[in-house]
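In: Got a predicted structure here, sequence first:
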Amino acid sequence: MATRTPSPAARSAAPATRADVVRQVGVLVSAVLAIGGAFLGSGAFVGTPIADAAGGVLSADATPLAPASPAFSIWSVIYTGLAAYAVWQVLPGQRTDPRQRATGWWIALSMILNAAWVLAVQGDLLGLTVVVIVALLAVLCLIVVRLTRSRPRNLVDAVVVDGTIGLYLGWVSVATAANTAAVLASAGVDLPSDPTGVAVIAAVAVVGAALAWWSRGRLAIAAAQVWGLSWIAVGRLTGEPPSTPVGIAAIAAAAVIAVVAVVARLRRRDARR
């Protein structure tokens with residue numbers, strides 16, 4: 001007799017195990033570490049602000065790919081979402097949720113990597129920051145892959161989980177390019193600023209458009225990418241170092257990602273009719 005695969009509903013009704021409780025606690029502890037890292041990186045009580053740490057190589061005017069300072073306010077939204085997620089997922093109702101079982105530990109790992117990145121910056125370990133942020137980007141991509149296998153159960157699930165992780169991934173995808181450019185510049189790598197900047201922005205546009213299409217128009221991912229690219233444009237067109245080509249390329253990239261995301265979203269809606 002063939003073995004039937006349990007439905008998602010059946011799996012969600014499976015009894016809770018000790019592993020479920022450990023996962024919930026692990027996610028909660030990881031969120032505390034991430035938020036602690038955020039305070040360290042802000043320099044509010046201890047630590048040095050990220051813009052001033054490591055000789056200021058990650059400041060808003062360090063390279064042509066650095067977003068203007070207001071761009072980093074998106075971290076407040078992301079951290080708020082992660083805190084809300086950590087509290088929400090620890091509720092008894094989420095203990096056996098298949099989506100939480102599939103992504104909980106990975107989200108915890110993303111928060112640990114986030115804190116590790118802040119510590120690497122504080123310790124002036126610039127090469128390590130690239131390794132950590134690339135690993136973070138890979139983990140977030142994996143989480144989104146797992147989330148797309150099932151639909152959110154309700155609005156809270158959609159906003160707290162999919163929305164938060166979408167913003168997280170979108171911003172980190174832009175930040176990875178900026179981080180790498182800053183580390184290369186600090187290492188003395190002499191690259192033509194305008195051609196290199198435009199080429200990197202074009203690569204971000206391709207990745208962003210591909211993510212928007214593959215994820216069928218997940219707006220949170222695209223919104224964070226558009227946000228980051230828009231502030232790169234502002235930084236290059238109104239601040240230092242000035243670069244009209246990079247600024248225009250960032251505007252074009254943001255427009256491409258936004259259009260692809262909307263089209264993919266509309267196609268998904270039409271397919272459900």
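Out: That came through, no problem.

In: lowest confidence element among the helices and strands of the protein?
Out: Using mean pLDDT, DSSP states H and E, helix 8-12 stands out as the lowest-scoring helix or strand of the chain, at a mean of 45.

In: I'd like the next helix or strand past that one.
Out: Remark: after helix 8-12, the chain's next helix or strand is helix 18-42, criterion DSSP states H and E.

In: downstream neighbour of that following helix in the secondary structure list?
Out: With DSSP H and E, the next secondary element past helix 18-42 is helix 74-89.

In: From the contact counts, what lies against that following helix?
Out: Applying 3 or more Cβ pairs under 8 Å, 6 or more residues apart in numbering; DSSP states H and E, we find helix 74-89 packed against helix 18-42, helix 98-122, helix 164-186, helix 219-238. Glycine gets a C-beta too; all of them are placed from N, C-alpha and C.

In: For those, give me CSV that also has distance to Asn154.
Out: Below are the helices and strands packed on helix 74-89 laid out as CSV (distance: least, Cβ to Cβ, whole Å):
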stretch, distance to Asn154
helix 18-42, 18
helix 98-122, 11
helix 164-186, 15
helix 219-238, 17
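
In: can you put the ones you listed in CSV and add mean neighbour count and distance to Thr63?
Out: Formatted as CSV, the helices and strands packed on helix 74-89 follow (neighbours: other Cβ atoms under 10 Å; distance: least, Cβ to Cβ, whole Å):
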stretch, mean neighbour count, distance to Thr63
helix 18-42, 18, 19
helix 98-122, 22, 15
helix 164-186, 23, 5
helix 219-238, 23, 10
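
In: a markdown table for these, including distance to Val204 and mean pLDDT?
Out: Below are those laid out as a markdown table (distance: least, Cβ to Cβ, whole Å; pLDDT from 0 to 100):
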| stretch | distance to Val204 | mean pLDDT |
| --- | --- | --- |
| helix 18-42 | 23 | 94 |
| helix 98-122 | 19 | 96 |
| helix 164-186 | 6 | 95 |
| helix 219-238 | 7 | 97 |
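
In: Out of these, which is closest to Pro70?
Out: Pro70 lies closest to helix 219-238 among the helices and strands packed on helix 74-89, at 6.3 Å (Cβ to Cβ).

In: Hmm, Val139 and Ser110 touching each other?
Out: Yes - using Cβ atoms under 8 Å, Ser110 is in contact with Val139, at 4.9 Å.
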